[in-house]
Every structure is written in C-alpha cells, then in structure tokens.
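**Q** can you look at this prediction? I've put the sequence above it.
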Amino acid sequence: MDIVVNDTATEVSTDPDTTAVEVVREDLALTGTKLSCGTGVCGACTVLVDGSPTASCLLPATALEGRTVTTVEGLGGSHPAQRAFAAHDALQCGYCTPGFVVEAAAFVDRWRAEHGDVAPDRAAIADAMAGHLCRCGAYEGIYAAVAAACRGEHDTEPEHAPPRAEAMSKVTGEATYTTDVHPDGCQFGVIVRSTAAHARVRAVDGGGSPLVDLLPDDRTVRYVGQPVAAVVAPTRAKALAAAEAVTVDYETLPAVLDPESAREDGAPVVYPSKRERRSAPSSAEGATVPGSWSGNLRRSTLGSWRSATATRRLRAAAERDDPNLVTAEFSTGIQLHNAMEPHGCVARWDERGQLHLRTSTQTVGVLAREAAKRWGLSPQQVHVVAEHVGGGFGAKSGLTTETVAAVELARKTGTPVRVVLDRAEELTDTGNRPGTRTRLSLLATPSGDLAALGMDVHAEGGVSISSVAALLARLFYGTAPRRLRDIDVTTNHPPGVPFRGPGAAPMLWALEQGVDEIAHRRGEDPIELRRRWDGNPKRHALYDWAAALPVWLERPTAGSATGRFRRGVGVAAANWHYMANPGTEVEVTLDRGTVVARTGTQDIGTGARSVVTNVLAEELGLPVERVRVEVGHSATVHGPPSFGSQTTTSIGPAASDAARGLRAALRERVPETPPEGPVPPEALERAEGMRVVGKRHRDRRGYLTPFTVGDGFALGRGLSGAVHVTEVEVDTRLGRVRPTRVWAGVAAGRVYAPRLARNQCEGGVVQGVGYALYEERRADPATGTVLTDNMEDYRIPGIGDTPETVVHFHEGGWDHVRGGGVGLGEVSTIGVAASIGNAVFNATGWRPRDLPIRPDRVLKGLGS
Amino acid sequence: MTTPTTVHAATEALASHAGRARAGGTDVVALAHARRVEGPFVDLHRLTELRGISRRPDGSTLVGATTTIAEVAADATLRAHYPALVATAGALATPQIRAVATVGGNLLQRNRCSYYRNPAFSCLQSGGDTCPAREGEHQHAAVIDQGPCVAPHPSSMAVALLAHEASAHLADGGSVPVAELYDGTDPTRDHQLSPGRLVTGIELPPPVPGEAAAHHRATARSRAEWPLVEAVARLSISDGVISGAVVAVGAVARSPVRLTEVEDALVNSPVSDGPPPAALAGITGLCSPLPGNGYKVELLRATVTEVLERALRQD
Ligand SMILES: Cc1cc2nc3c(=O)[nH]c(=O)nc-3n(C[C@H](O)[C@H](O)[C@H](O)COP(=O)(O)OP(=O)(O)OC[C@H]3O[C@@H](n4cnc5c(N)ncnc54)[C@H](O)[C@@H]3O)c2cc1C
Ligand code: SF4
Ligand code: FES
Ligand code: FES
C-alpha cells in the first residue's frame, strides 16, 4: 500500500486489522504521534490525512491508501502553532502536545486563510480543540498559543528561548517517553488480571507460555483487575493471545463490594487476620498512619486535639439547637489519576547482571532503590531512565506492577521486555483518590470564633487504608478543639494511591463549605470570617488580595439570583505542609562551554529542568542556551521524587549552591571570573570538565521532623497557602454548572519559573473542576468490575470546560527556607472544588453536598 | 478484506459474506478491540459514488452513505434547509471523529452501554441471556422502557433524520424509513437491517418552507460528550399558531423516538405563550425510569422545552 508520509512516498504492508496509529508509530517509527485512550476520545493520536485532522487510533490502516499523512514530525518545528505552544507554555508533561499541535496547525492555517490575522474567540478555539484532552490541564496556555498563532505573532524565529527548557522537543514530537522505546529484540509482556473480586488462587496454568507470578504471598486476589501473572511473546498481539490462554483456578471467597454492607456485622472481611492487615497498601504519602481495626473498618484519631472538649461542645450545641452549629454530610467520588501516558516499563538485564529500566515514573531514585532491594542488587546496579514522563499525579511512584512484570519476564526470557498498560488497566489498577463520606460539625461561638470542629471521614479506598483526610483538618484554623476521625472502609475494590494533595481535596470539600455556611448564617463576609479564624500571615495576604477583587466585591447575595442562568461567586482557602528532600544534590560539569547539570529527579511536566536552568543561568549570569539540564536518570547524584510538592524547593537551592560552588572553583582556576555578575563564556571553556556538586542545605531552624521520613523527605516549617475565588453560572433548566472565571491566589514563596508555576496552578484549577463536576469512577455493583475504564465513561475536563484563570503569587514569608520558595503543585488544586460548591450556593441558594455535581444532582437539588 | 470501488462489487462482497461493511471504521474498530466484532471487512471508503450531498429535482436531498459527518456539518445547502440536522452533525463526537465517521455508519453503529463494550461481561446484546445494567450501573440508561435491553440508542443523526422523516436507500433498490430501521423491543441488535445489505444514501424530503427547527443535547461538559438527552424540534407556524410540530428525542430509549403526544398537543397552540406546559406534561407518563436514572425524565422535559423555545424564537 502506498502512502505519502510527511512528504515522502512510502510503502507499508497492510494487515486489515491494524490501525493507522500502529502503522505510524510502529512500522514507520514516527513516535511523535501518541496512543493514549485508544477509543477516539483524547486526540493524542491525531494526524493530518489529506490535511484534515483525524483520530488515527480508530482509523483502519487501509483507509490511508493513496492519501497523504502529516504527523507532528512533518510540521518541521517551525509551524507558527508549534512556536506558539512553546512560547506560551501550552504544555506540561507534553504527552498530549503532538496531537494538539497537529490540530492547531491545521486550524491556524485554515483560520488565517478565512479570517486574516485576527484571534478567534475562546469558543471558536474550544470548538476546534474539542477533540483533545490534556490531563495536566494546560488549556489556558493552549488558548493563548492558538490565539497568538492566529494573530500571526509566531511567523518568525523567536528571539527568546521558550520558558520551558524542553518545550521544543515536546512540540516537535522528538521527546521520547517510555511508550516510545522499543529496543532491538524486545518482547511484549501482558498482565493477566483477576476476574474475581475475592478468591484464593489454587493454580495458574500458562497454557504453554512462559509465565511469571504476580500474586501476593497469601495467593489471594482481593479485587477484579488485581495482577495474577504476566506472559510474554514477540509481538503484543501474540502476548494478548497468550494471556487469553492462561487459566486461573479460583477458589471464590465472599466479596464485599459496597461500603454500606462492609460496615454490617457478618459482612465478608477483606483482611481477616493481623498478618493480612499488615499487607494492606496505603493511599497516603509517606508512612501508614496508625489505626485500629474492627472488621472492615480501620479507625485513626491521630489529628484530634482536645477531642473530649470538642465532643462536649458539639453535643451541647446540638442539644440547644445552636444556630452557630453547622452539621452536614458531604461525599466525594473516586477520582482516577488518568495520566495521558500510561504506566509502562522496558526492562533489560545486561551481561553483568545489572538491570536497566526505562520506566514512566515520578521517582527514578526510589525506583532504583526499591528494585535493587527486590532483586538483590546494589542501587548502583539498577539504572533507571525516565527521560520524559507523560504525567503522574501520584500514581507513578516506586516499584509498580508493570515494572515488576517487565523485570521478571526479562529475566525469564533473557531479552528486553516491554510492558505498557492499556487504558482499561490504567483506569482500573494504577490507583485512585478514594471516595469519601464526611460528617462535619462546625461550631462557632456567639461572637463568631471557632469553638469546635468535628469531622468523621469514611474513606472508600478499596483494599487500601490510611486515609488522612480528617487528619489534615488539624492544619486549619488555629488550635480550637477538634475531634478528627479517619475511618477506612475496606472493600474488594482496587486500591487508592496518593493523588495530588491526598486527603486534602475531599476534606476541604466539606470543611470549606462548612465555613461558608457559618459565614452565611452569621451574615458575614466569608473572607472576613476566614481572616479571623486563620492566623497565618501568608494567607492573610491572600485574603487581602481576594477581598479586593471586583468580582468578590460585586458578588450577589446568596440565592438572590432569579431566572434560568444564575451567576454566583465562591471562595475557598487551602493549605499544604511544606516538604523538602534534604539529601538533594545538583551536579554541574563543564562541557565545551556549556554548564551541564544533573540530579536524580525527573520531569513529569512540573518543570524540573526549567527550574534548574533558570537558577543556574540567573546566578551565573549566563544565557539559558549555555545551560543544559539532564534529569530522569537514577545514575547520578540524589534528587527528589516528583511528589509531595518537594521537587522545586529541593532542587532550586541545590542548583544555587552548585552555581556558587562552580563560581568559586572557576575563580581559582580562571582568576578573571568575577565574584558576581556574568561569568565569561571563555572561563567556562577554559575549565572544561570541571565538576562541582551543590547541596540542598538545611533550612534555618531545621525541619519539623528530625529525620527524613518515607522516601527521604522532611516536613519543613510552615504551610503553603491558596485562596480560590470562583465564578460559576448554573443553568437551572438543564442542571449544568459552568465555571466561568477563577482567581487563584497562591502563597508558596519565591516562584522559580513563573510561567511554569502559573501553568501548574492553572492545571490545578482544571483538575479541581474535573473533581467537582465530572469525574467519578464507577464499578459494577454485582462483580466489582470497573466500568469507567475508558476515557469516554471516565470524564475529565476538556478545553471548553476551562474557566478563564488569573493566578496571583504572594512570594513573601519563606525567608527561613533555602531559596525562599516551596512547592505549589498540591496547594493549587485541593480547594478548587469547595470554591465551586460555595459558588453554586451563592448562585442558587442550594448547597451541593455530593461530588461530582452532576446535572441530575443539580436538578434534584434545585427541586425544579 | 476487500476494498470494492463500485457499489455493485460491494454488494456482491457483502452478499457472499466476504465480510461486514466498514465505512469510517470509528465504531467497527472500537468494537473489534472490545472483541465484539471480527473481520474480515468490506471497506467502503473507496465507494466515491456514495459520497456527497445532492439536491434532487423534486426538492428532496440525497446524502450519500459514505458522506462524512463533517461534510454534513459544513454543507451550506443543508444548513439552509435542514438546520437542525446540521447542528446535530456539528455537535456529535469530536472534529477528528467527524472527519471520518460516515452518515451510514452513524445510523448503524452499536450502543455505548459500558457492559456491552466491556469484554468481561456478557449480556443480551452480546449473545447472553441477562441484562446486568438493569440491576447494576444504569445512570445513562433508557427511561422510555421498550424492552429487556435498556441501552439508549446511540445515533444522534438518527434523531435528526427521524425528525425529518428521512429514509435510507439500499443498494438492492429498497428504501426504509429511518423510523423502521429501529425496533426498541429487540434486545439483540441496534438496528434491523440484515447483515448483507448496503445503505447507499439517505433521502431527506423537500424542506418545508418557513419551518423553524432546533437541536439541543444536554451534557455535563461543554463539548465532546455523549448526550444525556438529545432533542430535535421542527415547527411550522402560521398566523401566530403552531400548525405543525415534530419532536424527536434521543438517548432516552432503545430507539430514537418521536414524541407524538407532544406533537399533537402543540398543534394549534399560540406561539406567543412559549411551549404550552400541558404539551410537555405527557412526557412523564411515557417514562418508566430505573432506580438510578429518574433524572432523565425531568431532563427530557427540559431538553424538549429548550428546543421548542429555540424553534419558537426563530419565528
Ligand atoms: C469520542 C466519540 C464520541 C462520539 N459521540 C457521538 C455522538 O454524540 N453521537 C453519535 O451519534 N455518535 C457519536 N459517536 C459515534 C460515531 O459517530 C460513530 O462511531 C460513527 O458515526 C460511525 O460511522 P463510521 O463510518 O465510522 O462507521 P463504521 O464504524 O465503519 O460502521 C458502523 C456500522 O455501520 C455499518 N455500516 C457502515 N456503513 C454502512 C453502509 N453504507 N451500509 C451498511 N452498513 C454500513 C458497519 O457494518 C458497522 O456495523 C462518537 C464516537 C466517538 C469515538
Ligand atoms: S442495557 Fe442492553 S447492552 Fe447494556 S447490559 Fe443490558 S442488554 Fe446489554
Ligand atoms: S488515542 Fe486516539 S483519540 Fe485517544
Ligand atoms: S501536557 Fe497535556 S497531558 Fe500533560
């Protein structure tokens, strides 16, 4: 079959069952085009067929015959749309970017031909980009980029480097992700998963194929989709067939599939013995919180403070019907991480018995250490590479199943083995943010101070435990007495894992609406009330900013709106503990006049490369072109994992220290080097090969935790803060809530890479919108099988659902921290849903209690 | 696989069971991945004679079966005469799907029930003998209960074409009104065309002069989402009174349905008062929701109100 691909006539063989994306990515090795959902929803696989953007994952390869195909590689890197995406930082992890860029290129050309060099409005851009999803939520940048390209602002070579160090490689499709790696002789592994919700596995028969066991020691599967074994074959199709031929002999055990029945006496128990309970996975970051079990429930009261006083006050207030007491039940749905790049690993054992892993991970260092431990190697014998990572959000930490499977299969076969999850596996068994049911009691004194707080959070994390939602309420609103109880309700469902701000998102959904309700009852301005309750000076600065916003000053009185479309404005505050990774180092070496920096961290879209680049360029007075940052390799100095908002605040100061060290060393070798100001390029050249390692020195006054915990991080002093002011429009007829504008104030100190930080905060708003309005994992009640295992049924926000977002940084207040700035990845998203809830209340007088705020719930709530 | 270039060859291939028809492939390929269909396939994309939109001397319009949804959405003549059809086409799926999805394939696509699309389950639509959705997850299920299966019919185009009283032309010379393509009581299929038959085009009757029409889909997200409820209304108005009404709805039943009770009640009502509430009252009686999808009754009423109001505003 003849096709013209990127202007070159090409012949490809056609199997009638293959899809165009397979031809492009596998036969033609044009891996810029990505495969993400595989069901026509996300647009990552978009290519131009005869100039028209087409989803290649559902397109039979045969349909390409005699056509011209343009992939992202064919745009050449100089299309105005590509330049605009780079210049406006219209991307984070970059996995969705090739699809967006191809669509944008066609749209921009068409638009300019029809309308001239004027910008389309937001709706026109949203219509054009409606077939693309970006889980990082870089939509604000995408709007800006498409508009600018249409205005003709990117027709010539840019004068400045783009704000994101690796932007050009992501907009051209050059950036290599784990899913793009196919070493010679590589075989394909497929995981065989449990079809039973609860069973003891008597035997597994490979049907003739080599097979590795993935069962836990007790040979028990506890949810549908749990890994049982893995098989391997030279092609993915053969591996799938081999997986099909595996038979698993289950001794079925009674399963418990909903949290209600899990509480009942006599319910089947997920973890009957002490030993089994100890094996339960944790959905929290760091250590599992202590708790006491009874049946399927596990209780922790760790966060409580003067609990007896709180209980007494709440009870008395209830008895006297105190108008200053708010009690209500809130619930949240189960949210899935759904990174656009699925989990994947290509594993290879070399002749020396060392292990090479190409993994989509947010923790290269931790993964190397855990793999070393598991396979009896020293950490230096495990080489983890994650050059680009297509999103993580918490789900790609440590040693995950696909890596175990790939390593074991590679050992068994002696060849490299690649295991990449499909979207159904990704949306079933790579973690989730547990659902919650929260009973909130909030009591104010007659003069309007906080008197007591009670919070019981029942977490639905499937087989996982250690929900910390109520615990995190300890960090809010001073030291008033509080009774905080986290109750894990275990069921036979897939486990939760940390997800951007674990615990805080569901907790704030309840707490921040409770605070709003108190303010409403007292007839007070909700920002004023928070200002009184919250002693934190950094958040006070944000309250001042928010209170002065015109949208806030002119907000309607709650429930006063009439008519079909009702506008409302809501506010929510958030804070997040500051964490750092004290062992972090940045190594710099001089290579032909370029400063090459390395650290054992990775860039999952958060901008680690750019942070180090900016710090080095600024401190050494060099143009960014003279700095190259290599991350995503474990075989270098220690770097932080990309979670817990600890990356930037760890690598930034270490890079500063490296810059200082380099300048000092240069001054010894090349005396002309000035003590400050620009380092002359000749000095760099003359000191070829010089190597200096910078450290992340201790903060002034040290850390709250004397030793590092978990994966080597320390809890620092101080809380970062955020205040979201959100405007919504509620369509009372059709039950739709549309977030129209958001003002996101973030207090995380110094901002190392301003455009990228803004992008993070904008993306945090988008993920918060998804959590608030659309996202919800649903499972079959009879079998426990996840039904929303595709991107059609698991609904994440698209570009048209993105509110216009203004980000405001308050940079002061972190002088005790090295570098003066802390992380903002989590604090920028956790309060968004509550601000939407409060805005809906403001618009309609009806307070949504359950997430997501679906149209059916709105219609019911408004009772119209 | 065969790739015929003439309708004749395609018919022969289908009749001799050389394979099943594959047009844009957007549904067939997805179903093959879910192991619900298997090749070989008879590819229709080279049947250029079936692609295109033509106005016929009697005023009717023929839309070729392999015309893409994007072509329908962009066609100026269709927009002038059948605006609700064009709006329907422009709102369904995504631009990259509309670029290849065809009108014929859209009408004959399979339902989107998550049980049916998940190879782990067996149900009435995949050769089994139960419907796990009824007792299980059914928030998007049909509320107008027509039979044992409750997967709403997926085709948006079918709703608009039903509203326009269009019919499908078949390669063997036959013609089937769109209304008869579907039978909501049949729990094993999503359309009634027998496997070997080829749709060549869709005939739209001549436009009604002065008619007002509107389309709306109720969704949670702003774009690219399957509708919770979809509706098309066509209204003829003379002397300030509704003289003719067609209301077709989708995503609420096993087949696209005309709300004839609503239509009848609309006729002769004055335009100035907006859609008469009495005309919509009958909707509740048509519905028998399951425990988890009762909201669709109200949403159906709201969506119909929406299209009626919009059509009336155009007058
Ligand atoms: C993300 C997404 C969102 C979507 N949203 C919507 C939506 O909102 N509304 C909607 O209606 N659809 C929606 N769709 C479905 C899409 O519109 C259909 O998949 C598409 O229209 C099918 O057309 P096709 O040409 O690709 O059909 P194919 O997949 O090629 O074929 C579908 C069926 O029709 C048969 N067939 C095709 N042509 C003929 C013919 N000429 N004669 C006889 N048999 C024929 C095939 O044998 C097959 O059984 C969505 C799809 C996706 C991926
Ligand atoms: S609703 Fe229909 S398609 Fe869905 S499970 Fe029931 S029978 Fe199958
Ligand atoms: S991979 Fe094709 S649309 Fe998502
Ligand atoms: S940048 Fe879009 S998915 Fe990450």
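**A** Perfect, thanks for sending it. Ligands and ions are numbered 1, 2, ... in the order given.
**Q** OK, contacts around A:Arg418?
**A** Under the criterion of C-beta atoms under 8 Å, 6 or more residues apart in numbering or on different chains, the contact partners of A:Arg418 comprise A:Val181, A:His182, A:Cys186, A:Gln187, A:Phe188, A:Gly189, A:Gly344, A:Cys345, A:Val346, A:Ala347, A:Ala406. Glycine gets a C-beta too; all of them are placed from N, C-alpha and C.
**Q** next one: A:Met340
**A** So, once contact is read as C-beta under 8 Å, 6+ apart, A:Met340 ends up touching A:34, A:36, A:42, A:44, A:93, A:95-96, A:133-136, A:390-391.
**Q** could I get those residues as JSON lines with secondary structure?
**A** Output for those, formatted as JSON lines (DSSP: H, G, I helix; E, B strand; the rest coil):
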{"residue": "A:Lys34", "secondary structure": "coil"}
{"residue": "A:Ser36", "secondary structure": "coil"}
{"residue": "A:Cys42", "secondary structure": "coil"}
{"residue": "A:Ala44", "secondary structure": "coil"}
{"residue": "A:Cys93", "secondary structure": "coil"}
{"residue": "A:Tyr95", "secondary structure": "coil"}
{"residue": "A:Cys96", "secondary structure": "coil"}
{"residue": "A:Leu133", "secondary structure": "coil"}
{"residue": "A:Cys134", "secondary structure": "coil"}
{"residue": "A:Arg135", "secondary structure": "coil"}
{"residue": "A:Cys136", "secondary structure": "coil"}
{"residue": "A:Gly390", "secondary structure": "coil"}
{"residue": "A:Gly391", "secondary structure": "coil"}
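**Q** of the residues you listed, closest to A:Thr54?
**A** Distance from A:Thr54 was checked for each of the contacts of A:Met340 by C-beta to C-beta. The minimum falls on A:Ala44, at 12.8 Å.
**Q** poorly predicted segments of the stretch 751-864 of chain A, please.
**A** A:864 (pLDDT under 70).
**Q** would you list every one of the helices in it?
**A** Assigned helices in the stretch 751-864 of chain A, in chain order: A:754-773, A:832-844, A:855-862 (criterion: DSSP state H, counting those that start in this stretch).
**Q** quick one, which of those gets closest to ligand 2.
**A** Taking C-beta to the nearest ligand atom as the criterion, ligand 2 comes closest to helix A:855-862 out of these, the separation being 18.5 Å.
**Q** report the angle between the closest one and helix A:832-844.
**A** Taking axes from the mean of the first three to the mean of the last three C-alpha atoms, to 10 degrees, one finds helix A:855-862 and helix A:832-844 inclined to each other by 40 degrees.
**Q** who's in contact with the residue positioned nearest the centre of chain B?
**A** The residue at the geometric middle of chain B, judged as the C-alpha nearest the mean C-alpha position with C-alpha atoms, centre = their mean, is B:Ala158 (2.0 Å). For B:Ala158, the residues meeting the contact criterion (C-beta under 8 Å, 6+ apart) are B:Asn106, B:Leu107, B:Val178, B:Leu181, B:Tyr182, B:Gly250, B:Ser255, B:Pro256.
**Q** in helices only, show me the residues you listed.
**A** With DSSP state H as the criterion, helices contain B:Asn106, B:Leu107, B:Val178, B:Leu181 from among the contacts of B:Ala158.
**Q** ok, the second one - contacts?
**A** The reference is to B:Leu107. Under the criterion of C-beta under 8 Å, 6+ apart, the neighbours of B:Leu107 are B:Ser155, B:Met157, B:Ala158, B:Leu161, B:Ala168, B:Val178, B:Leu181, B:His191, B:Val199, B:Ile202.
**Q** residue ranges for the helices of the stretch 351-500 of chain A, please.
**A** Under the criterion DSSP H, counting those that start in this stretch, helices of the stretch 351-500 of chain A are mapped to A:364-374, A:401-413, A:423-429, A:469-472.
**Q** could you single out the most deeply buried of those helices?
**A** For these, the largest average neighbour count (mean count of other C-beta atoms under 10 Å in any protein chain shown) is found in helix A:469-472, namely a mean of 29.
**Q** run through who's touching it.
**A** Residues outside helix A:469-472 that contact it (C-beta under 8 Å, 6+ apart) are A:289, A:300, A:302-303, A:436, A:438, A:455-457, A:459, A:484-486, A:503-504, A:506-507.
**Q** at 6 Å what do you get?
**A** Counting contacts by C-beta atoms under 6 Å, 6 or more residues apart in numbering or on different chains, the residues outside helix A:469-472 that touch it are A:Leu302, A:Gly303, A:Thr436, A:Met455, A:Val457, A:Leu484, A:Arg485, A:Asp486, A:Gly503, A:Ala504, A:Pro506, A:Met507.
**Q** stretch B:95-105 too?
**A** For stretch B:95-105, the external contacting residues (C-beta under 6 Å, 6+ apart) are A:40, A:43, A:46, A:52-55, A:131, B:23-24, B:26, B:63, B:65-70, B:199, B:202.
**Q** close to ligand 3, is it?
**A** No. Stretch B:95-105 lies apart from ligand 3 when judged by C-beta under 6 Å from any ligand atom; the minimum separation is 7.0 Å.
**Q** isn't A:Arg750 up against A:Gly820?
**A** Yes. Under the criterion of C-beta atoms under 6 Å, A:Arg750 is in contact with A:Gly820, at a separation of 4.0 Å.
**Q** can you pull out the strands in the stretch 651-800 of chain A?
**A** In order along the chain, the stretch 651-800 of chain A carries the following strands (DSSP state E, counting those that start in this stretch): A:691-695, A:714-731, A:736-747.
**Q** mind checking the SS state of the residue lying closest to A:Thr195 once chain neighbours are set aside?
**A** The shortest distance from A:Thr195 to any residue other than its chain neighbours is 6.3 Å, reached at A:Val224 (C-beta to C-beta, 6 or more residues apart in numbering or on different chains). Applying three-state DSSP to A:Val224 yields a three-state assignment of coil.
**Q** could you pull up the residues touching A:Val224?
**A** Going by C-beta under 6 Å, 6+ apart, A:Val224 touches A:Ser194, A:Ala197, A:Gly784, A:Thr785.
**Q** which among those count as buried?
**A** In the contacts of A:Val224, burial by neighbour count holds for A:Ser194, A:Ala197, A:Gly784, A:Thr785, counting by 16 or more other C-beta atoms under 10 Å in any protein chain shown.
**Q** turn the residues you listed into JSON lines, including distance to A:Phe643.
**A** What follows is those, written out as JSON lines (distance: C-beta to C-beta, whole Å):
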{"residue": "A:Ser194", "distance to A:Phe643": "28"}
{"residue": "A:Ala197", "distance to A:Phe643": "30"}
{"residue": "A:Gly784", "distance to A:Phe643": "28"}
{"residue": "A:Thr785", "distance to A:Phe643": "29"}
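**Q** rewinding a little: mind putting the contacts of A:Met340 into JSON lines with neighbour count, distance to A:Val730 and pLDDT?
**A** Below are the contacts of A:Met340 laid out as JSON lines (neighbours: other C-beta atoms under 10 Å in any protein chain shown; distance: C-beta to C-beta, whole Å; pLDDT from 0 to 100):
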{"residue": "A:Lys34", "neighbour count": "27", "distance to A:Val730": "36", "pLDDT": "98"}
{"residue": "A:Ser36", "neighbour count": "27", "distance to A:Val730": "32", "pLDDT": "98"}
{"residue": "A:Cys42", "neighbour count": "32", "distance to A:Val730": "28", "pLDDT": "98"}
{"residue": "A:Ala44", "neighbour count": "27", "distance to A:Val730": "32", "pLDDT": "98"}
{"residue": "A:Cys93", "neighbour count": "28", "distance to A:Val730": "33", "pLDDT": "98"}
{"residue": "A:Tyr95", "neighbour count": "29", "distance to A:Val730": "33", "pLDDT": "98"}
{"residue": "A:Cys96", "neighbour count": "28", "distance to A:Val730": "30", "pLDDT": "98"}
{"residue": "A:Leu133", "neighbour count": "27", "distance to A:Val730": "24", "pLDDT": "98"}
{"residue": "A:Cys134", "neighbour count": "33", "distance to A:Val730": "26", "pLDDT": "98"}
{"residue": "A:Arg135", "neighbour count": "28", "distance to A:Val730": "26", "pLDDT": "98"}
{"residue": "A:Cys136", "neighbour count": "28", "distance to A:Val730": "27", "pLDDT": "98"}
{"residue": "A:Gly390", "neighbour count": "29", "distance to A:Val730": "35", "pLDDT": "98"}
{"residue": "A:Gly391", "neighbour count": "27", "distance to A:Val730": "31", "pLDDT": "97"}
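**Q** thank you, goodbye.
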